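Student: no sequence for this one, just the structure:
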DNA sequence: GCATATAGTTCTAAAATAGAACTGTCAACT
DNA sequence: AGTTGACAGTTCTATTTTAGAACTATATGC
């Protein structure tokens, strides 16, 4: 499978992964949320090769996650700024940070703490249901085929449910 | 930079990315949350090469995201099941799904809908502050050096803040 | 004995990445 | 006028990773 074919898949994970599903894109994004904007700064902070950095920045711009904006003339130089589409990736980055904070820290503890300016407290991000506000756990979620599902997806899912209940016996 | 050196970094994003920061790991995880468990089923659903699939499953087991459990004897065969550490990745996967649903769907609409069994409604995942319950947006979050920060991180962050306010003038 | 099922491993060619050097533009110094 | 330095890339070769296909191992059922 190629990178490009991922974009075409009828799965929101696959399509998102086509944009940010590699190591460097995710680390670039992390830095964007820490207000890093310029090529040299990304490069020196990340240690990524210049070749790959240029490639990933282009890709993130192409997908509308970043925009390339001039910040000086003579010579014209550009910086990379999160668009709204990019800012909307904050929950993804925070979910990743929180899992790392929970499961991957060493004895020294968390590298960063996050303060919520609105309430003034140090916080953890929590994922909740938009309807009832309760925290979401995998076992409490049931999946249905949506309008954009592949043909036959509903049938497949029904078959899968039958098979799963059979296996559970 | 090598994969292994990422694990060592004092950054929760980098450490998490060392575990799940590649295309196939994220798609494998998606399928895990859809109750896929067996090698052949991952392979046929994902279209990943068997070589890479075996490699990624081993890695996810090594990091404690999945466990390899026998489900039959003669011959002994194994399936891959999410551990609690793996289940805790649900917010990451849901954040990715939600961004894809918001920004990457075509005219047909969402491929999948999610029902919250607890309240019975179709929902979107929302990331909120653990302290005040308000939704989190990037601009309302301020970052502090934590106990596990690199030496000099506090100073670096202060310098960065100064530089940013200077640039804003 | 032969086909089928499952979970891998092994092989070669193609693609991506690392690491280093190089390019182009302009300001500022000597 | 020439040299140095900053910045944002591009280009080059060597190494690593991935794709794609074939092969291995173990056991059941025909």
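Tutor: Now that the structure is in, tell me what you want to look at. The shown structure was predicted, so the numbers you read here are calculated from the model rather than taken from an experiment. Numbering: from 1, shown residues only, chains lettered A, B, ... in the order given.
Student: quick check: residues of chain A near DNA strand D?
Tutor: Within reach of DNA strand D by Cβ under 7 Å from any atom of the strand, chain A has these residues: A:1, A:38-41, A:49-51, A:54, A:57, A:68, A:71, A:75, A:77-79. Every C-beta, even on glycine, is put in place using the N, C-alpha and C of the backbone.
Student: buried ones from these, can you make that a ChimeraX selection?
Tutor: Written as a ChimeraX command, the selection of buried residues from the residues of chain A next to DNA strand D, which uses 16 or more other Cβ atoms under 10 Å in any protein chain shown, is:
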select /A:39,57,78,79
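Student: out of the residues of chain A next to DNA strand D, flag the one nearest to chain B.
Tutor: Nearest to chain B among the residues of chain A next to DNA strand D is residue A:1, at 5.0 Å by Cβ to the nearest Cβ.
Student: and the top helix by length along chain A, anywhere near DNA strand C?
Tutor: For chain A, the helix with the greatest residue count under DSSP state H is helix A:153-168. No. Shown here: helix A:153-168 not in contact with DNA strand C (Cβ under 7 Å from any atom of the strand), separated by at least 10.9 Å.
Student: what about the spatially most central residue of chain A, distance to chain B?
Tutor: Computing the C-alpha centroid of chain A and ranking residues by Cα atoms, centre = their mean puts residue A:92 first, at 3.9 Å. Here the criterion is Cβ to the nearest Cβ, to the nearest Å. By it, residue A:92 lies 4 Å from chain B.
Student: surely that residue meets residue B:93?
Tutor: No. Using Cβ atoms under 8 Å, residue A:92 is not in contact with residue B:93; the gap is 9.7 Å.
Student: before we move on, back to that, the longest helix of chain A: which residues count as buried?
Tutor: Buried-residue list, helix A:153-168, by 16+ other Cβ under 10 Å: A:153, A:157.
Student: repeat for stretch A:82-102
Tutor: Neighbour-count burial for stretch A:82-102 [16+ other Cβ under 10 Å]: A:82, A:85-86, A:88-101.
Student: distance between that stretch and the chain's centre?
Tutor: Relative to its chain's centre, stretch A:82-102 lies at 6 Å (Cα atoms, centre = their mean, to the nearest Å).
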